[in-house]
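Q: Give me the fold of what follows.
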Amino acid sequence: MKNWKDIIHHQIFRYIDHSTQTEIEGKPNTALASFAVDDALAISVSEETSPPVIRLWVHPNTIVLGIPDSRLPFIDEGMQFIEQNNYQAVVRNSGGLAVALDEGVLNISLIIPGGKNLSIYDCYEAMVRFVQAMFNDITNSIEAYEIVGSYCPGDYDLSINGRKFAGISQRRVKNGISVQIYLDVEGNSNQRAKLIREFYAKGKKNTTTSFTYPDVEPQVMGSLSELLGILLTVDDVKKRVVYTLKQLSDEIVEMPIQEEEKVNFEKRYKQMVKRNESN
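A: The predicted structure follows:
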């Protein structure tokens, strides 16, 4: 496995903060737009018209669904439940299952080249190590393994003392890799988990399915603020992202979406809209 610092270290890193914007290139700044813009940036990184990117994003009251979630036997009832609770549902184009986002959850996209020579595990490991480095002045207890009973469970769940606060997914476009993580920073993680648990109860009922959906247990999840015992805000964690990135790159540049990226964003946005209309 490649050294995580070698994967992330680049002479120049591009930094984009979409966490407070209401629009991205004329589109509402929703999760639909976020997945589309990550694809557009992955294409640029693949074609070497952009340096590697770290992009930050936050969306209010959104349930991001995986493709298997969209195939639940009673998905219409599940979607209706989400809407009744004033959440928006979006089916993403990367791996994983249902995740709850709100203004206390920070998403980080690490977009790097190397699709031909970096394994999926190399990239997951790089993100794990990056997050561990972000908080190494506070804790050395962040671990990566599957937290049974969490929503969107996987081998690279991030937890402290057995309680999950983050999950990672990955998407590859040409030679570009987008490694996406959500960090439950502040707010009511218990309520988020209960919402996902009830979504599955409505969408699956007692039906036997070929795909195994998680039995969500809210007590196995928590926010970083809760798990670390200190008041952390999304803004605090954004500063930690920048500080840690500075240790791994020679220069950080803020660069808006470029003209060719706007074209690719429009294409990918339409694909995301179509994907969601068909589910």
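Q: dump the residue contacts of the residue lying closest to Ile120 once chain neighbours are set aside.
A: Spatial nearest neighbour of Ile120, excluding adjacent residues (Cβ to Cβ, 6 or more residues apart in numbering): Gln170 at 6.1 Å. Quick note: C-beta positions are derived from backbone N, CA and C, even for glycine. Residues near Gln170 by Cβ atoms under 8 Å, 6 or more residues apart in numbering: Ser94, Gly95, Ile120, Cys123, Tyr124, Ile177, Ser178, Val179, Gln180.
Q: and Gln170, what are its phi and psi?
A: Torsion angles at Gln170 (phi, psi; degrees, to the nearest 10) stand at phi -150, psi 140.
Q: can you give me the strands in this structure?
A: 10-17, 23-24, 27-28, 53-57, 62-65, 88-91, 99-101, 105-113, 142-144, 158-160, 163-173, 176-184, 249-254 (DSSP state E).
Q: and of the ones you listed, who's closest to Lys204?
A: Of all the strands of the chain, strand 62-65 sits nearest to Lys204, with 13.1 Å by Cβ to Cβ.
Q: Only the C-alpha atoms, please, for that closest one, written as CSV.
A: Provided in CSV are the C-alpha atoms of strand 62-65 (Å, rounded to 0.1, in the frame of the first residue of the first chain):
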residue,chain,number,x,y,z
THR,A,62,-30.5,16.3,2.9
ILE,A,63,-30.6,12.5,2.9
VAL,A,64,-28.1,11.2,0.4
LEU,A,65,-29.2,7.8,-0.8
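Q: Going by neighbour count, list what's buried in that strand.
A: Under the neighbour-count criterion of 16 or more other Cβ atoms under 10 Å, strand 62-65 has Thr62, Ile63, Val64, Leu65 buried.
Q: circling back to that earlier point, what's opposite the residue nearest to Ile120 in the beta bridge?
A: Beta-bridge pairing of Gln170 under DSSP bridges involves Val179.
Q: That one and Gln191, how far apart?
A: Going from Gln170 to Gln191 by Cβ to Cβ, to the nearest Å gives 28 Å.
Q: repeat for Ile230
A: Taking Cβ to Cβ as the measure, Ile230 falls 21 Å from Gln191.
Q: residue ranges for the helices of the stretch 1-150 of the chain, please.
A: In the stretch 1-150 of the chain, the helices defined using DSSP state H, counting those that start in this stretch lie at 4-8, 31-46, 75-84, 120-134.
Q: Now the shortest one: average pLDDT?
A: Meaning helix 4-8. Per-region confidence: helix 4-8 scores 87 on mean pLDDT.
Q: which other residues reach it?
A: Contact with helix 4-8 is made by 52, 110, 112, 114, 118, 122-123, 125-126, 128-130, 248-249, as judged by Cβ under 8 Å, 6+ apart.
Q: Could you tell me which residues within it count as buried?
A: Buried, per 16+ other Cβ under 10 Å, within helix 4-8: Trp4, Ile7, Ile8.
Q: Out of those residues, flag the one nearest to Met221.
A: Comparing the buried residues of helix 4-8 against Met221 with Cβ to Cβ picks out Trp4 as the nearest, at 25.2 Å.
Q: Figure out which of the strands of the chain is closest to Asn276.
A: Taking those one by one with Cβ to Cβ, strand 88-91 is closest: 5.3 Å.
Q: Packing partners of that closest one?
A: The contact analysis (3 or more Cβ pairs under 8 Å, 6 or more residues apart in numbering; DSSP states H and E) places strand 88-91 against helix 31-46, strand 62-65, helix 75-84, helix 259-277.
Q: By mean pLDDT, show me the worst of these.
A: helix 259-277 (a mean of 93).
Q: Pull out the buried positions in that one.
A: By 16+ other Cβ under 10 Å, the buried positions in helix 259-277 come out as Glu261, Asn264, Phe265, Arg268, Tyr269, Met272, Arg275, Asn276.
Q: Considering those residues, which is situated nearest to Ile24?
A: Phe265 (7.6 Å).
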